[in-house]
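**Q** Need coordinates for the below:
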Amino acid sequence: MGAPAKRLVGLNALMVFLIGCATTPAFKPAGLSDQQAETRLNDVRSVCFSLRQGAYISVKFYEGAADSRGNKLESMTGYFDAFNKMNDTISIAKERLKALDRGEPYPLQVIADITPAQETGMLPEPPNILVRAVKAFLTVGENDPQRLLLTQ
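**A** Prediction:
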């Protein structure tokens, strides 16, 4: 096999792979016209453009939506990881992301709404002992005489 034939076979294999990755079953929300569904999809896209990685979000899925494995999707909260414009997917992680972590991808067609959410857990205490010491030094107690000076 010559070099041009190998190149042609390689390009065909790549094309088949990319077509397979890009095809996801289309989901149409019940009770919405095509124009309403497209408007909602554009609204969700615009929210995705404004999110930052690591933002805590609340996601609501359409009734009857399922993931790639066929599991029914329900409302969830998690950490925004990434928005893939090419495949129209959003990645959401249930736990706070570490250095090499990635979230679970969800197609935007099944998402009804994305809103920023308040994190219910307390922020962890800073691990640096110097930071804790400075914070303790700058904290003014209720009966502290310096409190009167600071509030006058």
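**Q** What is the longest strand of this protein by residue count?
**A** strand 76-84 (DSSP state E).
**Q** how near is residue 58 to residue 85?
**A** Separation of residue 58 from residue 85 (CB to CB, to the nearest Å): 22 Å. Where C-beta positions appear, they are placed from N, C-alpha and C, glycine not excepted.
**Q** In its sheet, which strands sit next to the helix or strand just after the longest strand of the chain, and in what direction?
**A** Following the chain from strand 76-84 toward its C-terminal end, the next helix or strand by DSSP states H and E is strand 89-93. Strand 89-93 pairs in its sheet with strand 76-84 (antiparallel), strand 104-107 (antiparallel), by DSSP bridges.
**Q** What are the buried residues along the first one?
**A** Buried positions in strand 76-84, judged by neighbour count with 16 or more other CB atoms under 10 Å: 78-83.
**Q** now the shortest one
**A** Judged by neighbour count using 16+ other CB under 10 Å, the buried positions of strand 104-107 are 106-107.
**Q** what's the model's confidence in the following helix or strand past that strand, averaged?
**A** Toward the C-terminal end, the helix or strand that comes next after strand 104-107 (DSSP H and E) is strand 111-116. Per-residue pLDDT over strand 111-116 has a mean of 92.
**Q** just checking, what packs against strand 111-116?
**A** Helices and strands touching strand 111-116, as assessed by 3 or more CB pairs under 8 Å, 6 or more residues apart in numbering; DSSP states H and E, comprise helix 34-50, strand 56-61.
**Q** so who does the residue nearest in space to the middle of the chain touch?
**A** Compute the mean C-alpha point of the chain, and by CA atoms, centre = their mean the closest residue is residue 80, 2.4 Å away. In this structure, residue 80 makes contact with 51-57, 90-92, 103, judged by CB atoms under 8 Å, 6 or more residues apart in numbering.
**Q** mind showing which ranges of this structure have poor pLDDT?
**A** By pLDDT under 70, the low-scoring segments of the chain are 1-3, 5-6, 8-26, 120-127, 140, 145-152.
**Q** For burial, what's the neighbour tally of residue 95?
**A** Number of residues near residue 95 (other CB atoms under 10 Å) recorded here: 9.
**Q** make that residue 59, sorry
**A** Applying other CB under 10 Å, we find 22 other residues in the vicinity of residue 59.
**Q** returning to that earlier point: neighbour count for residue 58 and residue 85, which is higher?
**A** When neighbours are counted by other CB under 10 Å, residue 58 comes out ahead of the other of residue 58 and residue 85, with 14 against 10.
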